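Participant: Let's see this in three dimensions:
(chains A and B)
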2 protein chains.
Amino acid sequence: MPQLTHETTAFIDGLTYDAAGLIPAIAQQHDTGEVLMMAWMNRDSILETLRSGRVVYWSRSRQALWRKGDTSGQVQTLKELRVDCDKDCLLVLVDQIGVACHTGRRNCFFTSIGDNSPKIIADVRISPDKLYEK
Amino acid sequence: MPQLTHETTAFIDGLTYDAAGLIPAIAQQHDTGEVLMMAWMNRDSILETLRSGRVVYWSRSRQALWRKGDTSGQVQTLKELRVDCDKDCLLVLVDQIGVACHTGRRNCFFTSIGDNSPKIIADVRISPDKLYEK
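Facilitator: Residues are numbered from 1 along each chain as shown, chains lettered A, B, ... in the order given. Next up, the predicted model:
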């Protein structure tokens, strides 16, 4: 596992976290540009993500580290981690195995809204039953 | 301006907003896939964005609707609005005029962190002085 420099850990300490110690993280497929999902990270999940090379979020519902893919197998490998100008949002470039969404779709943003009625624009690739059977 | 259907406005009412009535919105350049920025919307800014075709956020610092580009001229035209599986995050496909970031860079995610020290990976395209002089 790579060691992080003092400068990098100090930078991570200096990010703007919300009252719960969290920062939003956008996961983007590194080669296609597809925005896969948005989740939350805390300091520990950022450090583990950088050190392990596998993307780890903070689950607000479970109040625990969420090593993406532990249950479903749909792991995200870290390609690059970027921080925005205000240091209050992360862009995580990943290589997504299978599907990012718990519904079995490749990405979570599958409902389009506009002039007409809300419309589902992506198909389920893997049945959720199959995704979480193990 | 397009009229929104009752189904669409009901869907917008049913989104998961935080305690302050806000929902995170990721802006992505519609044709290149570049993630430009993350900001926040409330119900009113979503409705105005859909009706006007121009992207409007909620400014947490100013506590007011933020019609992106009013001061800088760097307007975002709406191409499509998508909602995620949990209805707690928006993906806004836009056509960005000029630069999205107040630093004068095309997107806000210009700092890369990893094994080495944090690194600035994008150049300033328009000086912030010029961006906000008008």
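
Participant: So what does the nearest residue in space to residue A:3 that is not next to it in sequence look like in phi/psi?
Facilitator: Spatially, and ignoring its direct neighbours in sequence, residue A:3 is nearest to residue B:115 (7.6 Å; Cβ to Cβ, 6 or more residues apart in numbering or on different chains). Just so you know, the C-beta spots here come from the backbone N, C-alpha and C atoms, and that holds for glycine as well. Dihedral pair for residue B:115: phi -60, psi -40, per degrees, to the nearest 10.

Participant: give the contact list for residue B:115.
Facilitator: Contact partners of residue B:115, counting by Cβ atoms under 8 Å, 6 or more residues apart in numbering or on different chains, are A:2, A:3, A:4, A:5, A:8, A:50.

Participant: Nearest spatial neighbour of residue A:118, chain-adjacent residues omitted?
Facilitator: By the measure of Cβ to Cβ, 6+ apart, the closest residue to residue A:118 outside its immediate chain neighbours is residue B:11, 4.8 Å from it.

Participant: Show the subsequent helix or strand relative to the helix or strand containing that neighbour.
Facilitator: Per DSSP states H and E, residue B:11 falls inside helix B:6-13. For helix B:6-13, the following helix or strand on the C-terminal side (DSSP H and E) is strand B:23-29.

Participant: Now do that next one: distance to the chain's middle.
Facilitator: Taking Cα atoms, centre = their mean, to the nearest Å, the mean C-alpha location of strand B:23-29 is offset from the chain mean by 5 Å.

Participant: can you check stretch A:93-100 too?
Facilitator: Offset of stretch A:93-100 from its chain centre (Cα atoms, centre = their mean): 9 Å.

Participant: Identify each buried residue in it, please.
Facilitator: Of all the residues in stretch A:93-100, those buried under the rule 16 or more other Cβ atoms under 10 Å in any protein chain shown are A:93, A:94, A:96, A:99, A:100.

Participant: In strands, which of those appear?
Facilitator: Judged by DSSP state E, these include A:93, A:94, A:96 as members of strands.

Participant: Dump these into a markdown table; add distance to residue A:22 and pLDDT as well.
Facilitator: Putting those into a markdown table (distance: Cβ to Cβ, whole Å; pLDDT from 0 to 100) gives the following:
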| residue | distance to residue A:22 | pLDDT |
| --- | --- | --- |
| A:93 | 20 | 98 |
| A:94 | 19 | 98 |
| A:96 | 22 | 98 |
